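Undergrad: would you be able to build a 3D model of this:
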Amino acid sequence: MLKEFYFHINLGESNYREKMRHAEKFLRNGTTGKLTLKIRGREMIHPEIGMNLIRRMHADLGHTGSADHEPKLIGKYISLILSPLSTPPAEKKF
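TA: Numbering: from 1, shown residues only. Okay, here's the model as predicted:
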């Protein structure tokens, strides 16, 4: 089963933490997660900002899931698939 999480580049810190909390919960339950970041309009000029955000998400969720591949920019979407670890850690990060 695959659970998708959608983001935008101009994501606030509190919204970021809330989405990471949901993603962590699904990864702990054994569900594969797909992080999808949508780049809109003028944001296409700087896709590296989106790549940095996806890499930050990967680093924050690295204790509960591992990436299947590097983040990919396809059109106006950057996506990353995280598979749950076989033994999740005891403590929660978010």
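Undergrad: drop to CA atoms for contacts and neighbour counts, all remaining ones
TA: Noted.
Undergrad: centroid-nearest residue for this protein?
TA: Residue closest to the mean C-alpha point of the chain, counted by Cα atoms, centre = their mean, is residue 35 at 3.8 Å.
Undergrad: name the element that one belongs to?
TA: Assigned by DSSP states H and E, residue 35 belongs to strand 32-38.
Undergrad: for residue 54, see how far away residue 60 is.
TA: From residue 60 across to residue 54, the span is 10 Å (Cα to Cα, to the nearest Å).
Undergrad: need the contact partners of the longest helix anywhere in the chain.
TA: Using DSSP state H to define each element, the chain has its longest helix at helix 13-28. For helix 13-28, contacts defined as Cα atoms under 8 Å, 6 or more residues apart in numbering pick out 3, 5, 32-33, 57, 61, 64-65, 83-85, 88, 92, 94.
Undergrad: how about it as CSV, C-alpha atoms only?
TA: This file holds the C-alpha atoms of helix 13-28, laid out as CSV (Å, rounded to 0.1, in the frame of the first residue of the first chain):
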residue,chain,number,x,y,z
GLU,A,13,7.1,25.3,9.9
SER,A,14,4.1,24.2,11.8
ASN,A,15,2.5,22.6,8.7
TYR,A,16,5.8,20.9,8.0
ARG,A,17,5.9,19.4,11.4
GLU,A,18,2.3,18.2,11.2
LYS,A,19,2.8,16.6,7.8
MET,A,20,6.0,14.9,9.1
ARG,A,21,4.1,13.6,12.1
HIS,A,22,1.5,12.0,9.7
ALA,A,23,4.2,10.6,7.5
GLU,A,24,6.1,9.2,10.5
LYS,A,25,2.9,7.5,11.7
PHE,A,26,2.3,5.8,8.4
LEU,A,27,5.9,4.6,8.1
ARG,A,28,5.8,3.2,11.6
